[in-house]
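Colleague: got a sequence here, can you build the structure:
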Amino acid sequence: MLDQLPENLIIEILSWLPVKSLLQYKSVSKSWYKIIKSRYFMSVHLKHNYVRRTNNCFIAQFDISQAGGELMPELIWHGEKDESNTIHDYLSLQHDPPYNYDICGPCYGIYYLWRSCVGEHDSHRPRRLWNPALHEAKKLPPMIMKPNISSNMKYFNEVCGFGFDPVTMDYKVVAIKGYAITSDRYGLMDYPLSIMIYSLRTDSWKYSGDLSKHYYIPRANSCHAFVNRSFYWLGSYEKDPFKHDVIIAIDLATEECQEIKLPDICIKGSSMTRVTYSECLMVYNGSIALVALHNQEREFDIWTLKGTTWSKELTMELDRWVWKPLGHYSADNNLVVFANYLNCLILCDPDTKETSELKVHVKDGNCKIVSAYKESLVPLNDRNFWDQSDEHQRILV
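Modeller: Next comes the predicted model:
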């Protein structure tokens, strides 16, 4: 009966279903299998998925003391932990502990995970792409070294970003690497940082040049955001985790870098500028935005960047127990997540000025990072999918 319906109507109906159901429905008929595996259907499903599941689920990372003070990724559904989080099972099968991973994403339902242990050699450092909906992960090849790097230097610190390049129709990882003298493990050198880019289509890394100077860029994902094909990182000229001077922007398509000055943020009743308790980047109304939390005033500002001009969008009061912005829970609805001193997550809607508590508690752990979760049918290990021509790839956009 359903096969007698027009194909466009079948696509519309199926595209609203969760991935788990679609994986089962591929065996209903050859025509359904062909539809669900098509790039066009994946594109439609992703768009509907962003509407349908935006407010239901997100990824959170917690600093767990019993895991040696490392980061542990958790999948949160409707405010409750998902005990069937497949990343733990996958990493266990790879004899890799499921903690000490940083997460970038999501981008079309895919995440980038990497181990950022200080002193761990890059060739031994696990790097993976992860599609939770398909229970699929892909191990990335070892990162290459910068050409002609001095023999007495090695990579030391690293920050990463993950996104989709709409020009080449490709998922890409951007890693910004710093250096240290090999004889001095803790001796960071103020050399310009290097940019390494991984392409999923080619399954390879390449060196993309150096930044114009050295910056200190925090590792936490709350200091990085991706919007309109560009990555943005908070950075500073001096090593100070509570002070940011600039935003480092890298266009994923052109690979061009840009330094953006932060706005002059004035504290109420004071002539001081650029003094805030905590800051993070997010997406607000489709633009890159800075969330600045003033602890004494118990309020936060949202600034958006249009071209080269910063504009303050709003100021909103918060509960006195809130101490840190974590990022955006939903770019579509401008929702922001904060952490409080009771290890609770506070969901804030700047448009309605309403707040609510997400009842997520982790014993002996503090939340470090949050990101909205979206399901995706996009495969990671199917080389036939990624080897097809650009003409077919463009259906993904």
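
Colleague: pretty sure Asn148 belongs to a strand, no?
Modeller: No - Asn148: not assigned to a strand; according to DSSP: H, G, I helix; E, B strand; the rest coil it is coil.

Colleague: quickly list what Ala292 is bridged to.
Modeller: Beta bridges link Ala292 to Glu279, Asp301, judged by DSSP bridges.

Colleague: what of Ala225?
Modeller: Beta-bridge partners of Ala225, as defined by DSSP bridges: Tyr232.

Colleague: wait, it touches Ser287, no?
Modeller: No - with contacts counted by Cβ atoms under 8 Å, Ala225 stays clear of Ser287, the gap being 10.3 Å. (Each C-beta comes from the backbone N, C-alpha and C, glycine too.)

Colleague: who has more neighbours, those two?
Modeller: More neighbours surround Ala225 than the other of Ala225 and Ser287, with 25 against 16 (other Cβ atoms under 10 Å).

Colleague: show me what the lengthiest helix in the chain is packed up against.
Modeller: Using DSSP state H, we find that the single longest helix of the chain is helix 39-52. Applying 3 or more Cβ pairs under 8 Å, 6 or more residues apart in numbering; DSSP states H and E, we find helix 39-52 packed against helix 7-14.

Colleague: tell me the buried residues in the helix it packs on?
Modeller: For helix 7-14, a neighbour-count test (16 or more other Cβ atoms under 10 Å) marks Ile10, Ile11, Leu14 as buried.

Colleague: quick check: angle from it to helix 39-52?
Modeller: 40 degrees (axes from the mean of the first three to the mean of the last three Cα atoms, to 10 degrees).

Colleague: could you pull up the mean pLDDT of helix 7-14?
Modeller: Averaged across helix 7-14, pLDDT comes to 88.

Colleague: C-alpha coordinates for whichever helix or strand comes after that helix, CSV please?
Modeller: Note on helix 7-14: by DSSP states H and E, the next helix or strand toward the C-terminus is helix 19-25. Output in CSV follows, covering the C-alpha atoms of helix 19-25 (Å, rounded to 0.1, in the frame of the first residue of the first chain):
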residue,chain,number,x,y,z
VAL,A,19,17.5,6.8,12.6
LYS,A,20,16.8,3.6,14.6
SER,A,21,13.5,3.1,12.8
LEU,A,22,14.9,4.0,9.4
LEU,A,23,17.7,1.4,9.8
GLN,A,24,14.9,-1.2,10.3
TYR,A,25,12.8,0.1,7.4
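
Colleague: ok, and for helix 19-25, which residues are buried?
Modeller: Applying a neighbour-count criterion of 16+ other Cβ under 10 Å, one finds Val19, Leu22, Tyr25 buried in helix 19-25.

Colleague: from Thr315, how far off is Glu357?
Modeller: Distance, Glu357 to Thr315, using Cβ to Cβ, to the nearest Å: 22 Å.

Colleague: picking that back up, would you mind writing the CA trace of the longest helix of the chain as PDB?
Modeller: Output in PDB follows, covering the C-alpha atoms of helix 39-52 (Å, rounded to 0.1, in the frame of the first residue of the first chain):
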ATOM      1  CA  ARG A  39      22.000  11.500  -0.400                       C
ATOM      2  CA  TYR A  40      18.800  13.500  -1.100                       C
ATOM      3  CA  PHE A  41      16.900  11.700   1.600                       C
ATOM      4  CA  MET A  42      19.800  12.200   4.100                       C
ATOM      5  CA  SER A  43      19.700  15.900   3.400                       C
ATOM      6  CA  VAL A  44      15.900  16.100   4.000                       C
ATOM      7  CA  HIS A  45      16.200  13.900   7.100                       C
ATOM      8  CA  LEU A  46      18.900  16.200   8.600                       C
ATOM      9  CA  LYS A  47      16.700  19.300   8.100                       C
ATOM     10  CA  HIS A  48      13.700  17.700   9.700                       C
ATOM     11  CA  ASN A  49      15.800  16.300  12.400                       C
ATOM     12  CA  TYR A  50      17.100  19.700  13.400                       C
ATOM     13  CA  VAL A  51      13.500  20.900  13.900                       C
ATOM     14  CA  ARG A  52      12.100  17.700  15.600                       C
END
